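Student: Pasting a predicted model and its sequence here:
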Amino acid sequence: MTVSLPDVTVGVLALQGAFSEHVQLLRRAAESLKRRNDQDVKWNFTEVRTPQELDKCDGLILPGGESTTISLVAARSGLLEPLREFVKVLRKPTWGTCAGLILLAESANRTKIGGQELIGGLDVRVNRNHFGRQTESFQATLSLPFLGDSLDKSAEQPYRCVFIRAPVVEKILPHRTGIQAEEASRDATVVAPAKSPVDDLAREELNADVEVMAKLSTDTSALQHNQEHNHPGAEDIIAVRQGNVFGISFHPELTDDPRIHVWWLGEVLKAVQRRQQFELVDRSI
């Protein structure tokens with residue numbers, strides 16, 4: 001059964017934070033994909049501020065910014081529940097950067113109850129502002145093997161990662177059908193509400209194991225003068241994925257390197273084609 005190449009709409013949540021920078025890199029990434037694969041995919045990129053705009057999206061980026069502000073604005077604008085449905089019920093491809101990683105976590109600590117709401121989608125606990133204050137921002141060049149041969153640069157070429165009041169994944173959590181009850185009992189910790197996936201394909205994505213995609217060595221010289229940093233081990237987890245939901249601690253949109261955007265658009269296209277195939281088979285039964 002043949003699945004045609006679709007038109008694909010990718011949104012960037014535009015309530016607060018570095019959303020326009022993401023859109024610019026997405027456009028560059030789409031051009032790179034077209035040159036590399038010669039695929040006739042029509043990519044549409046849009047800023048998302050309303051449930052109606054979200055409905056049109058096949059994939060979504062939650063940008064860096066201030067996670068508490070983004071969640072409050074989303075709740076006041078009637079967008080928080082549609083975001084949860086997009087990520088946890090429909091299980092559409094979603095990528096969170098920095099604040100977006102916090103919003104996608106099932107649990108977040110160093111958080112005042114009532115001051116932060118989560119979308120959820122990644123079975124992890126994040127530690128907010130793990131690297132300290134704004135003045136303790138730093139950059140690190142890291143090897144990101146998951147990029148493969150995206151664009152015209154090899155995976156071995158380091159990627160410049162920009163960390164600004166960045167979170168880390170403190171713990172990978174066991175999958176739960178309801179809320180993360182053990183996490184909810186922790187002090188200064190909030191958890192995402194439970195949602196049920198819409199169908200078998202969404203359930204398959206939701207039940208996938210959490211994969212660690214990148215770590216940062218705690219020996220990195222930029223961390224040595226950070227007095228707030230508490231290292232639980234030799235490395236901090238700074239990128240994870242669970243099925244088609246992806247989260248990273250740093251800000252690729254603040255660089256001139258579109259490789260992660262190229263890789264992620266490829267993952268979005270795969271997810272859209274899986275959904276097409278699933279619906280074709282479902283209709284034929």
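Tutor: Received the coordinates, thanks. Numbering: from 1, shown residues only.

Student: quick one, strands of the stretch 1-150 of the chain?
Tutor: If DSSP state E, counting those that start in this stretch is used as the criterion, the strands of the stretch 1-150 of the chain fall at 7-13, 42-48, 59-62, 94-97, 105-109, 122-127, 138-142.

Student: want to throw those into CSV with distance to L80 and mean neighbour count?
Tutor: Where you see a C-beta, it was placed from the backbone N, CA and C, and this is true even at glycine. Below are the strands of the stretch 1-150 of the chain laid out as CSV (distance: least, C-beta to C-beta, whole Å; neighbours: other C-beta atoms under 10 Å):
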stretch, distance to L80, mean neighbour count
strand 7-13, 11, 23
strand 42-48, 13, 17
strand 59-62, 12, 27
strand 94-97, 14, 28
strand 105-109, 15, 26
strand 122-127, 17, 25
strand 138-142, 32, 16
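
Student: Now mean pLDDT and distance to S185 too, for the ones you listed, in CSV please.
Tutor: CSV is the format used below for the strands of the stretch 1-150 of the chain (pLDDT from 0 to 100; distance: least, C-beta to C-beta, whole Å):
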stretch, mean pLDDT, distance to S185
strand 7-13, 97, 30
strand 42-48, 96, 34
strand 59-62, 98, 27
strand 94-97, 98, 25
strand 105-109, 94, 11
strand 122-127, 96, 13
strand 138-142, 88, 34
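
Student: Dump those strands to TSV, plus distance to R165.
Tutor: Formatted as TSV, the strands of the stretch 1-150 of the chain follow (distance: least, C-beta to C-beta, whole Å):
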stretch	distance to R165
strand 7-13	18
strand 42-48	23
strand 59-62	16
strand 94-97	13
strand 105-109	14
strand 122-127	12
strand 138-142	11
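
Student: Which stretch among these approaches K171 most closely?
Tutor: Counting by C-beta to C-beta, K171 lies closest to strand 122-127 out of the strands of the stretch 1-150 of the chain; the figure is 4.4 Å.

Student: Show me the contact partners of the closest one.
Tutor: Strand 122-127 is contacted by residues 101-102, 104-110, 167-176, 180, 183, 189, 210, 240, 242, 245, 247 when judged by C-beta atoms under 8 Å, 6 or more residues apart in numbering.

Student: Buried by neighbour count, from these: which ones?
Tutor: Buried members of the contacts of strand 122-127, counted by 16 or more other C-beta atoms under 10 Å: 101-102, 104-109, 167-170, 172-173, 180, 183, 189, 210, 240, 242, 245, 247.

Student: Low-confidence regions, the stretch 51-200 of the chain specifically.
Tutor: In the predicted model of the stretch 51-200 of the chain, residues 112-115, 132-136, 149-156 satisfy pLDDT under 70.

Student: Bridging across strands, which residues link to V168?
Tutor: Assessed by DSSP bridges, V168 has beta-bridge partners N127.

Student: Please name the residues that touch it.
Tutor: V126, N127, H130, F131, L216, D236, I237, I238, S249.

Student: neighbours around S196, how many?
Tutor: 11 (other C-beta atoms under 10 Å).

Student: Now do the helices in the stretch 1-150 of the chain.
Tutor: Secondary structure of the stretch 1-150 of the chain (DSSP state H, counting those that start in this stretch): helices at 19-37, 51-55, 67-76, 80-84, 99-104.

Student: so what secondary structure elements neighbour the fourth one?
Tutor: Spelled out, it's helix 80-84. Counting contacts by 3 or more C-beta pairs under 8 Å, 6 or more residues apart in numbering; DSSP states H and E, helix 80-84 packs against helix 51-55, helix 67-76.
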